[in-house]
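S.K.: just coords:
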Ligand SMILES: Cc1cc2nc3c(=O)[nH]c(=O)nc-3n(C[C@H](O)[C@H](O)[C@H](O)COP(=O)(O)OP(=O)(O)OC[C@H]3O[C@@H](n4cnc5c(N)ncnc54)[C@H](O)[C@@H]3O)c2cc1C
């Protein structure tokens, strides 16, 4: 049994803590937020992510809260089909799930409470030292305001503290973080059920993109289904968006998509939250007894809807490597090797696709409008696109993710109720 620290209680950290506790390790999870809450908009859960949640025994409550998504469908303002990717073109049984990020958070955190994991909230880990075969953690306690206090000595530390991780930045691993000039405004709105089938997008060039995604239910609020709205915006145009006023923006949206009934639920600009993205690249993800997972290790733009899924696969793979390899340093090196092809493919594909959907380039959007629709109708291309969306590709031409057998993770330590 190892003493393991997990830094960050998002999807990656919470799932990782659950897998490691289930494997019999003594796990402490540190979360900066004093009272973590179910925040965020809709995320798209892919078959790969659902497989991991099934291994944790948590898929049923997730399915209850989600909205099944069978395809990703996008058109230009004039109605030309730009994207039509259907999960069934990869596997007739497969589908995605529009999910409230807060529902995923709540299901994972409820499981943490009954899994014998020490959860220490209000603790911002500021520094990690490695010496004498141990990792030592130092924190700012956000409740007592005590700075740089030693919070424990661990055999291994998992850094899962998100895109803007300072702990990752301090590691001696070659890394590059590039902020995207573009982001998105998002809002959660009541869903009247008129949008069927999954994520719907509308595009004008690559400058305007509207997305609507049935998102299921906020945690245990099963009477009021919600819909996520996303509006692409370049970060340096946010002020201009605020200055132009809500009515002018609604007029622009309606020129792109006939969604009057959805827009009537937006009455104040504060209902829309702006989110920015960054691209995180690391040469590998381990350093001695420390490993980075989730957005902290490989954040991308959200074009392919993979953030939470990659984080979940990371968590499961890490537990598997620690189970297979008794020496911590070697287990973490094995983790980096195992995750390489899958992560590199999705990082590369997100980077390649982003300018076609979020940029000022007319060449990119014209190419997209001409080529992508017909490609979606070609059997081989559409199968590859569906496989990419499903989250299981590990290479441009060949290669698919081999996820471990769920049964190997189902030891009865974890209770979900
Ligand atoms: C508030 C919030 C809202 C989001 N909303 C959406 C959304 O609407 N749609 C979407 O697709 N994705 C959203 N995401 C991103 C999505 O959750 C992630 O891409 C995905 O789940 C992978 O998560 P992660 O665990 O790697 O990182 P994150 O979800 O970013 O979690 C990182 C966690 O680490 C904690 N933390 C950070 N620094 C420290 C530290 N030094 N010490 C201790 N704890 C620390 C943070 O408080 C956070 O809880 C959101 C993320 C956050 C944090």
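M.R.: Nice, I can see it. From a predicted model like this one, the values you see are computed outputs, not experimental measurements. Numbering: from 1, shown residues only.

S.K.: quick check: the residue of the stretch 201-350 of the chain nearest the ligand.
M.R.: Going by CB to the nearest ligand atom, the ligand is nearest to residue 294 of the stretch 201-350 of the chain, at 2.3 Å. To be clear about C-beta, it is placed using only N, CA and C from the backbone, and glycine gets the same treatment.

S.K.: which helix or strand contains the residue lying closest to that residue once chain neighbours are set aside?
M.R.: Of all residues beyond its chain neighbours, the one nearest residue 294 is residue 12 (2.6 Å), with distances taken as CB to CB, 6 or more residues apart in numbering. In the assignment (DSSP states H and E), residue 12 maps to helix 11-22.

S.K.: now do the buried residues in that helix.
M.R.: Using 16 or more other CB atoms under 10 Å as the burial criterion, the residues of helix 11-22 that qualify are 11-22.

S.K.: same thing with stretch 43-63?
M.R.: 43-59, 61-63.

S.K.: just the ones of the residues you listed in helices?
M.R.: Of the buried residues of stretch 43-63, the ones assigned to helices by DSSP state H are 47-55, 59, 61-63.

S.K.: quick one: residues contacting the closest residue to the ligand within the stretch 101-250 of the chain.
M.R.: Among the residues of the stretch 101-250 of the chain, residue 162 lies closest to the ligand, at 2.8 Å counting by CB to the nearest ligand atom. Counting by CB atoms under 8 Å, 6 or more residues apart in numbering, residue 162 touches 8, 10, 294-296, 299.

S.K.: burial of residue 350, as a residue count?
M.R.: Residues near residue 350, counting by other CB atoms under 10 Å, number 21.

S.K.: quick one: secondary structure of it?
M.R.: Look at residue 350: counting by DSSP: H, G, I helix; E, B strand; the rest coil, its state is helix.

S.K.: that one touches residue 307, doesn't it?
M.R.: No - assessed by CB atoms under 8 Å, residue 350 is found out of contact with residue 307, at 9.7 Å.

S.K.: now do the shared contacts for those two.
M.R.: By CB under 8 Å, 6+ apart, residue 350 and residue 307 have these common neighbours: residue 300.

S.K.: ok, the contacts of residue 162 vs residue 120, which is closest?
M.R.: Residue 120 lies nearest to residue 8 out of those, by CB to CB, at 11.8 Å.

S.K.: thought residue 292 was touching the closest one, still the case?
M.R.: No - taking contacts as CB under 8 Å, residue 8 lies outside contact range of residue 292: 10.2 Å.

S.K.: comparing these two, which shows the higher neighbour count?
M.R.: Between residue 8 and residue 292, residue 292 has the larger neighbour count (other CB under 10 Å), namely 31 against 27.

S.K.: burial check on residue 196, number of neighbours?
M.R.: Counted with other CB under 10 Å, residue 196 comes out at 10.

S.K.: same question for residue 223.
M.R.: Number of residues near residue 223 (other CB under 10 Å) recorded here: 5.

S.K.: now stretch 70-85: how far from the chain's centre is it?
M.R.: Relative to its parent chain, stretch 70-85 has a centroid offset of 23 Å by CA atoms, centre = their mean, to the nearest Å.

S.K.: and it, which residues are buried?
M.R.: By neighbour count on 16+ other CB under 10 Å, the buried set for stretch 70-85 is 71-76, 82-85.

S.K.: ends of that stretch, how far apart?
M.R.: Start-to-end span of stretch 70-85 (CA to CA, to the nearest Å) is 9 Å.

S.K.: helices or strands up against the helix holding residue 12?
M.R.: Other helices and strands packing on helix 11-22, by 3 or more CB pairs under 8 Å, 6 or more residues apart in numbering; DSSP states H and E, are strand 3-7, strand 26-31, helix 101-113, strand 156-159, helix 307-324.

S.K.: 7 Å - rerun?
M.R.: Under the contact criterion of 3 or more CB pairs under 7 Å, 6 or more residues apart in numbering; DSSP states H and E, helix 11-22 touches strand 3-7, strand 26-31, helix 101-113, helix 307-324.

S.K.: farthest pair within the ones in helices among the buried residues of stretch 43-63?
M.R.: Top of the distance list for these (CB to CB): 48 and 61, 18.6 Å.

S.K.: so where's this structure shaky on pLDDT?
M.R.: Where the chain drops to pLDDT under 70, the residues are 404-417.
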